[in-house]
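Novice: A predicted structure for the sequence below; I have some questions about it.
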Amino acid sequence: IFTLGYTVKGLDVSHHQGHIDWATVASTKKYSFVYIKATEGYDFVDDTFLENYAEAKKHGLYVGAYHFFSMRSSGREQAQLFISTVPDDTAMLPPVIDIEIDT
């Protein structure tokens, strides 16, 4: 087993994980934060985002949102969707952009 020895660990989740039992995740004390997929491209809102956001926060995890970037629309359009979807919460972790390029 290879480990880098990080003491602070987190997760990233989206609708692909299905229903998440946040009470169990929090009770393990293994993870202190989670990044949750909010949006993708200029028109996709993850339908589990708001529930995951509320539940993870309720169970004491630090919460952040991420946007899955698409090369098919402008950054401006994508930023507008993200801003209109994610709550204005000063306790939230900084936003993250997930960029994946097939090579």
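Specialist: That came in fine, so what should we check first?
Novice: Name the next helix or strand following the helix or strand hosting residue 83 along the chain.
Specialist: Under the criterion of DSSP states H and E, residue 83 resides in helix 75-85. Using DSSP H and E, the helix or strand that directly follows helix 75-85 along the chain is strand 96-98.
Novice: and that next one, what does it pack onto?
Specialist: In terms of contacts (3 or more CB pairs under 8 Å, 6 or more residues apart in numbering; DSSP states H and E), strand 96-98 is packed against strand 62-68. No exception for glycine: its C-beta is placed from N, CA and C like everyone else's.
Novice: The strand it packs on pairs with which strands, parallel or anti?
Specialist: In the sheet, strand 62-68 lines up against strand 33-40 (parallel), strand 96-98 (parallel) (DSSP bridges).
Novice: which one of those has the most crowded surroundings?
Specialist: strand 33-40 (a mean of 23; mean count of other CB atoms under 10 Å).
Novice: before we move on, the earlier item: what would the strands paired with strand 62-68 look like in CSV with distance to residue 66?
Specialist: Compiled in CSV, the strands paired with strand 62-68 are given as follows (distance: least, CB to CB, whole Å):
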stretch, distance to residue 66
strand 33-40, 5
strand 96-98, 4
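Novice: What separation do you get for residue 96 and residue 42?
Specialist: For residue 96, the distance to residue 42 equals 18 Å [CB to CB, to the nearest Å].
Novice: In TSV, list the strands paired with strand 62-68 along with mean pLDDT and distance to residue 67.
Specialist: Formatted as TSV, these follow (pLDDT from 0 to 100; distance: least, CB to CB, whole Å):
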stretch	mean pLDDT	distance to residue 67
strand 33-40	98	5
strand 96-98	97	5
